[in-house]
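Q: Sequence plus the predicted model coming up.
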Amino acid sequence: MTIGFGDLHKGATIELDGQPYEVIDYERQKMQQRAPVTRLKLRNLRDGRVMQRTFQSYTTEFALAQVDTRETQYLYNDGEFYHFMDMENYEQYQLTKEQVSENTNFLTDGIVLEIRSNTWAAS
């Protein structure tokens, strides 16, 4: 499924170059006698890296990424990884600081939150 710029919003998950990204920020500028420019600030859902991309087209469309949202409980940080437990099947996940991003300051033991995971196997 694809969406246009009008359907784009912060927090949307799109696929670019075979990778899932979360939209952090976006803007579209219309210039006189030129095609509009769409600028996106994106976070890679696999490794947490942030990048910016620019598209120049009248009809910019984006493919939606296939992601799952799971309710998890934050358990602890061992210095290298942040540990979470799936509230449905009690499976535990380890995320790096880059994957948790700037939200590490808000984590407290036992907090329940939603984590997005992509459906692709980790490479």
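A: Yep, it's here. Residues are numbered from 1 along each chain as shown.

Q: secondary structure class for the spatially most central residue of the chain?
A: With distances taken as CA atoms, centre = their mean, E22 lies nearest the centre of the chain, 2.7 Å away. What DSSP: H, G, I helix; E, B strand; the rest coil gives for E22 is strand.

Q: now swap in E98 and tell me
A: The three-state label given to E98 by three-state DSSP is helix.

Q: Leaving out chain neighbours, which residue sits closest to the residue nearest to the centre of the chain?
A: R43 (4.7 Å; CB to CB, 6 or more residues apart in numbering). In this view, the C-beta of every residue, glycine as well, is placed from N, C-alpha and C.

Q: swap in M1?
A: L64 (5.0 Å).

Q: Assess the claim that that neighbour and L8 are in contact.
A: No: using CB atoms under 8 Å, L64 is not in contact with L8; the gap is 10.5 Å.

Q: which residues do these two both contact?
A: Here L64 and L8 have I14 as joint contacts, going by CB atoms under 8 Å, 6 or more residues apart in numbering.

Q: which of the two has more neighbours?
A: L8 (17 against 14; other CB atoms under 10 Å).

Q: With adjacent residues omitted, what lies nearest to the more buried one?
A: Using CB to CB, 6+ apart and skipping the chain neighbours, the partner closest in space to L8 is Y26 (5.6 Å).

Q: Walk me through the domains of the protein.
A: 2-64, 67-118 (automatic domain parsing).

Q: could you dump these to a markdown table with mean pLDDT?
A: Converted to a markdown table, the domains of the chain look like this (pLDDT from 0 to 100):
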| stretch | mean pLDDT |
| --- | --- |
| domain 2-64 | 84 |
| domain 67-118 | 85 |
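
Q: List the contacts of the residue nearest to the centre of the chain.
A: G11, A12, T13, L42, R43, L45, R116.
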